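[1] Okay, sequence plus prediction incoming.
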Amino acid sequence: MSTITHSKITHSTIADSAEAQALFDKVAGLSTETGNPRIKQIVRRVVEDACRIVEELDVTPSEFWTAMSYLTETGQANEFGLLMPGLGIEHFIDLCIDAKERAAGIEGGTPRTIEGPLYVAGAPLAKGEARLDDDPEDGEVLIVEGQVTGRGGAPVANAIVDVWHANTLGNYSVFDKSQSTWNLRRRIETDEEGRYRFRSILPKGYGCPPQGQTQKLLDQLGRHGQRPAHIHFFVSGPGHRQLTTQINLSDDPYLHDDFAFATRDGLIAEVSRVTDPAALAAAGLNEPYSAIRFDFALNPEVAHGPDPVVVRPHAEAA
């Protein structure tokens, strides 16, 4: 009688092979004492994960080099600042920071959300209130006011509310050379009660450049590239953690369908239209305007919390 032996069949991947693992180690310079250990750790992981994608999804050489060409053109167009929020990665980073803050005992406060790629440092500083619209524009007046508070709701005096937003065409000053340098950009120092106020124009939502690199990928995903009307803020105060956030206007049709995933609970600003003649006169206006009341609650600084300040390149004013 013959005996049949059944050998155990194992399914290993190319990426798991000793040859591939040695390749990944060598690519990341793990055998050398020089270099940056953190960069080595990240590159090792990125290269292995990329190779696993190639293997598991059977990415062809033509597909791979098409992707490389896309990334090259995206860099040339300076659109990575749009692409990263569009792919949800910038929002995911916020989720990670939220988790680290909870682990450090930091709870509450106004939610953070993505910064976006269009901040410019050094906007003019005003005390208490400011007017943002330097350029004449056919838009409705918007008045925003609120209070910056800290622990227990105590007002934060001398906090800095750094604000910027797009015009009615969806364009930002500095990047749009037709606008004055600091149009729709200001820093406002709060008064002794933590209050701030500014007059501007009502911003409108906008989309990615329709022929741009970000929209090109979104088209392949069957997604739009629209953002709701919004206003960006950095808010900081003595002894408190800097807040990076933006408020999204409640009446925008893309409020809960933002391609950049920036809308969060607690960041929806209710817009009221003011028509009362006495209120118009008090504001020095002859026509109805829009008003927003939005308060910012900052968390106190703690010794072991994640750094709330993101270091990234920014455009500079000419």
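    Alright, I've got the coordinates.
[2] Help me confirm that Leu280 comes into contact with Val274.
    Yes: at 6.8 Å, Leu280 and Val274 qualify as touching, with contact defined as Cβ atoms under 8 Å. Just so you know, the C-beta spots here come from the backbone N, C-alpha and C atoms, and that holds for glycine as well.
[3] which residue packs closest to Tyr254, ignoring adjacent ones?
    Of all residues not flanking Tyr254 in the chain, Pro228 sits nearest, at 4.2 Å (Cβ to Cβ, 6 or more residues apart in numbering).
[4] oh, I was asking about His256
    Closest to His256 by Cβ to Cβ, 6+ apart is Thr263, at 6.0 Å.
[5] Could you list which residues are in contact with the one you found?
    Thr113, Pro228, Asn248, Leu255, His256 (Cβ atoms under 8 Å, 6 or more residues apart in numbering).
[6] Which one of these is nearest to Phe198?
    Nearest to Phe198 out of those is Asn248 (Cβ to Cβ; 17.3 Å).
[7] list the contacts for Arg185?
    Val120, Ala123, Pro124, Leu132, Val163, Trp164, Ser173, Val174.
[8] Out of the residues you listed, the closest to Ile106 would be?
    Distances from Ile106 to the contacts of Arg185, taken by Cβ to Cβ, are shortest for Val163, at 23.9 Å.
[9] so where does that closest one fall, helix or strand?
    Taking DSSP states H and E as the criterion, Val163 maps to strand 160-164.
[10] Quick check: phi and psi on Glu137?
    phi -150, psi 140 (degrees, to the nearest 10).
[11] list the buried ones in the longest strand seen in the chain?
    Counting by DSSP state E, the longest strand found in the chain is strand 141-149. The neighbour-count check on strand 141-149 (16 or more other Cβ atoms under 10 Å) flags Val141, Leu142, Ile143, Val144, Gly146, Gln147, Val148, Thr149 as buried.
[12] just stretch 226-238 next, same as before
    For stretch 226-238, the neighbour count (16+ other Cβ under 10 Å) marks Gln226, Arg227, Pro228, Ala229, His230, Ile231, His232, Phe233, Phe234, Val235, Ser236, Gly237 as buried.
[13] Format those residues as TSV; extra columns: pLDDT.
    Output for the buried residues of stretch 226-238, formatted as TSV (pLDDT from 0 to 100):
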residue	pLDDT
Gln226	98
Arg227	98
Pro228	98
Ala229	97
His230	98
Ile231	98
His232	98
Phe233	98
Phe234	98
Val235	98
Ser236	98
Gly237	97
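[14] Of those residues, just say which sits nearest to Leu83.
    Arg227 (13.9 Å).
[15] Can you report how many residues lie near Arg195?
    Look at Arg195: counted by other Cβ atoms under 10 Å, it has 19 neighbours.
[16] now the helices for the stretch 151-300 of the chain?
    213-221, 277-282 (DSSP state H, counting those that start in this stretch).
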